[in-house]
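# Give me the fold of what follows.
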Amino acid sequence: MSNEQQNVNLLIMRRIITFVFSALLCIPFFAQADDPVVMTVNGYDVKKSEFEYFLNKNKTETTVSKKIIRQYADLYINFKLKVQAAMDEGLDKTDSFLEEYKMYRDMQAEYYLVDTLFLEESARRTYERSLDDVGPDGLASISIISLTPQEDTRESFMEQVELMDEIYEMLEAGQSFPDLARKFSTDDLAAAGGVAGWVSRSQVPEDVADIVFSLDPGQYSHPFVSDGIVFLIKVDARRQIGSYEENRADIYQWMLQNEYYQEAKRRKANEYAARLGWDLRDDEAVAHLDSVLEEVEPDFGNVSREYHDGLLLFDISNREVWEKAANDQAGVENYYNSHIKQYKFKEPCFKGMVFFCVDEDVFHQVEGAVKGLDISQWIDTIVKFNKERIVVRVMRGTSETGIFRKGQNAYVDKIVFGEGEFEPMKSFPYTNVIGRTIKKPECLGDVSSEVLEDYQNYLEQQWVSQLRSKYSFTINKKVLNDIHCE
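Residues are numbered from 1 along each chain as shown. As a prediction, this is how the structure comes out:
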C-alpha cells in the first residue's frame with residue numbers, strides 16, 4: 001500500500017473517530033421508501049441512507065470517486081466491528097456511557113421536538129412588541145441609589161432627603177456611585193452597587209423615565225422624589241433596541257425560560273399524533289415522540305447513532321489500542337528495535353534544552369552542574385538553583401530526550417542553526433542552550449512519539465484482523481455502486 005493510500009485511510013479513520021457534535025448543520029437525509037441495505041455487519045443492516053450520511057459527514061474532498069467510496073466502505077465495516085466489540089464487552093450498559101449518551105442525544109433532540117416555525121413567529125412577535133414598548137428613546141442601563149423613610153412621618157422623610165443631598169455632594173466630590181450605593185442605598189440593588197440593568201421608558205414610572213432619558217451615558221441626576229422614595233439615578237449606557245437579528249439569540253434564550261418551548265413541543269407532537277394516528281395529545285404526545293424520534297425522523301436517527309457509536313468507538317479504542325500502547329513499554333521497545341531502520345531525521349536535530357537565566361553567570365553554573373549527567377536528570381538538578389528565587393527557566397523538546405527539529409523553536413533555530421531571530425525574555429534576558437546536534441535518532445526516546453503512534457497503528461491492525469475473523473460481514477456491491485456523495 002502506498003503512502004498516499006495510507007494517508008487517505010488514516011485521514012478517513014480519524015474523521016470517523018473524531019465525530020463532530022454539530023450534526024444539525026450537516027446535509028439532511030429524509031425518509032426514503034427505497035432504502036436498501038448496503039452492508040450487513042454481524043447481523044446489523046447498514047442502510048444506504050445511513051452510509052451516505054456518514055460518508056457525506058466525513059468526506060475530505062469535494063468530489064469523491066468510486067474508489068474512495070469502496071475504501072470508506074471497508075473502513076466503515078471496521079468501525080461497525082469495533083462498535084460491536086464494545087457492545088459485546090457491555091460498554092453500552094455502563095452508567096457513564098448511558099449518562100453521556102443521553103446528554104448528547106437529548107441536547108440534539110430538542111431541535112427535532114419543537115415546532116421551529118412557531119418559535120420563530122413567537123420570537124418575531126416578541127421583538128415587535130419590544131419595539132413598541134421601548135419606543136424611540138431606546139434603552140438605558142441605569143444604577144440607582146434609593147432611600148426609603150423608615151417611618152411614615154415628615155421628619156423621617158426629610159432625614160432621607162437631607163441624607164441624599166449629602167450623598168450627592170460626595171458623588172460630586174469624586175466618590176464612586178457603586179460604593180455609595182453599597183453604603184447607603186436601602187433597596188435590594190445595594191449589594192450590586194445599585195446596578196439595575198437595562199430599562200425602557202415603559203418599564204419605569206413616567207416621572208422617573210423623564211429624568212432617566214434626559215441623561216447621557218455617564219451622567220447622574222440630582223436627588224428627586226418618586227412615590228415617597230428619594231432617588232439618585234446614574235445612566236451607565238444608552239442604546240437602541242437594534243435589529244431582530246441582533247436580538248434573536250436573547251429572545252430565544254428568554255423564551256426558553258418561559259412556556260414557549262413547551263408549547264412548541266406540544267404543537268410538533270400533536271402534528272405527529274394526528275398524522276400517525278396516536279391516541280395522544282399535548283405532553284403525553286411529546287413524551288411519546290421523544291421515545292420514537294429516531295424512527296420517525298431518519299436524519300435524527302443518524303445523529304443519535306453517530307453519538308452512540310462514536311462514544312463506544314472511543315471507549316473500546318482507548319481500551320484496546322491507546323491505553324494498551326501507553327502502558328506497554330516493553331511492547332513499544334520491541335517494536336522500535338524491530339523497526340529501528342525506518343526511524344530517521346530528514347535533517348539534523350538539536351538534542352538538549354533551552355535555558356533562560358537572569359545572567360550569564362547563572363547559566364555557566366547550570367552548565368557545570370548538568371555536565372556528565374543524563375538529560376533525564378537535568379530538571380532535578382536545575383530545581384536546586386531556584387530554591388531561594390527563580391533564576392533559571394528551561395524549555396524542553398517534544399520528545400523524551402529533548403529533540404528540537406529545525407523550524408520548531410525560534411531560540412534553537414537562532415542559537416544552534418543560525419536562522420531567524422528571537423526576543424529575549426525580559427526577566428530572564430540571557431538565553432542559551434545545552435546539548436548537541438545529532439543527524440539520526442540515537443535511542444527510542446529521540447523518536448518516542450513517532451514510535452508510539454506507529455505501535456498504536458500496529459495494535460489496531462492486529463485488533464481489526466481479529467475482529468474480521470470473529471464477526472461476519474457482507475457488502476451489497478450493487479447498492480454500493482449506487483452510492484453518491486454530495
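# what's the weakest-modelled helix or strand in this structure?
Between all helices and strands in the chain, the lowest mean by mean pLDDT, DSSP states H and E belongs to helix 3-17, at a mean of 39.
# next one: the helix or strand that comes right after that one to chain centre, how far?
If you walk from helix 3-17 toward the C-terminus, the next helix or strand you reach (DSSP states H and E) is strand 37-41. Per Cα atoms, centre = their mean, to the nearest Å, the displacement of strand 37-41 from the mean C-alpha position of its chain is 34 Å.
# Can you tell me the strand partners of the helix or strand that comes right after strand 37-41 and which way each runs?
The first helix or strand that comes after strand 37-41 along the chain, using DSSP H and E, is strand 44-47. As defined by DSSP bridges, the strand partners of strand 44-47 come to strand 37-41 (antiparallel).
# Which neighbouring elements make contact with the host helix or strand of residue 101?
Assigned by DSSP H and E, residue 101 falls within helix 95-113. Counting contacts by 3 or more Cβ pairs under 8 Å, 6 or more residues apart in numbering; DSSP states H and E, the secondary-structure elements packed against helix 95-113 are helix 260-276, helix 282-291, helix 293-296, helix 298-317. No exception for glycine: its C-beta is placed from N, CA and C like everyone else's.
# Quick check: buried residues in that helix?
97, 101, 104, 105, 108, 109, 112, 113 (16 or more other Cβ atoms under 10 Å).
# about what we covered before: for residue 67, find the nearest of the helices and strands packed on helix 95-113.
In this view, the helices and strands packed on helix 95-113 are compared for proximity to residue 67 by Cβ to Cβ, and helix 298-317 is the closest at 24.3 Å.
# Please put the alpha-carbon coordinates of the closest one into CSV.
The C-alpha atoms that make up helix 298-317 are tabulated as CSV, following Å, rounded to 0.1, in the frame of the first residue of the first chain:
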residue,chain,number,x,y,z
PRO,A,298,-34.5,9.3,10.0
ASP,A,299,-31.9,12.1,9.9
PHE,A,300,-32.0,12.4,13.7
GLY,A,301,-31.7,8.6,13.8
ASN,A,302,-28.3,9.1,12.1
VAL,A,303,-27.3,11.8,14.5
SER,A,304,-28.3,9.7,17.5
ARG,A,305,-26.4,6.7,16.1
GLU,A,306,-23.4,8.9,15.5
TYR,A,307,-23.2,9.8,19.2
HIS,A,308,-24.0,6.3,20.3
ASP,A,309,-21.4,4.5,18.1
GLY,A,310,-18.9,7.3,18.4
LEU,A,311,-18.8,7.2,22.2
LEU,A,312,-18.5,3.4,22.1
LEU,A,313,-15.7,3.6,19.5
PHE,A,314,-13.7,6.0,21.7
ASP,A,315,-14.1,3.8,24.8
ILE,A,316,-13.2,0.5,23.1
SER,A,317,-10.3,2.1,21.1
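# Let me know which of the helices and strands packed on helix 95-113 is tucked in deepest.
helix 298-317 (a mean of 20; mean count of other Cβ atoms under 10 Å).
# and that helix, what does it pack onto?
With contacts taken as 3+ Cβ pairs under 8 Å, 6+ apart, helix 298-317 sits against helix 3-17, helix 48-58, helix 66-88, helix 95-113, helix 293-296.
# Looking at those, spot the one closest to residue 223.
When the helices and strands packed on helix 298-317 are compared by Cβ to Cβ, helix 95-113 sits nearest residue 223, at 49.7 Å.
# Now the element after that closest one, going C-ward?
Stepping forward along the backbone from helix 95-113, the first helix or strand reached (DSSP H and E) is helix 116-134.
# and the next element down the chain from that following helix?
The C-terminal neighbour of helix 116-134 among helices and strands, as given by DSSP H and E, is strand 139-147.
# Identify all contacting residues around that next one.
160, 163-164, 167, 177-178, 180-181, 184-187, 189, 193-200, 212-213, 215, 229-241 (Cβ atoms under 8 Å, 6 or more residues apart in numbering).
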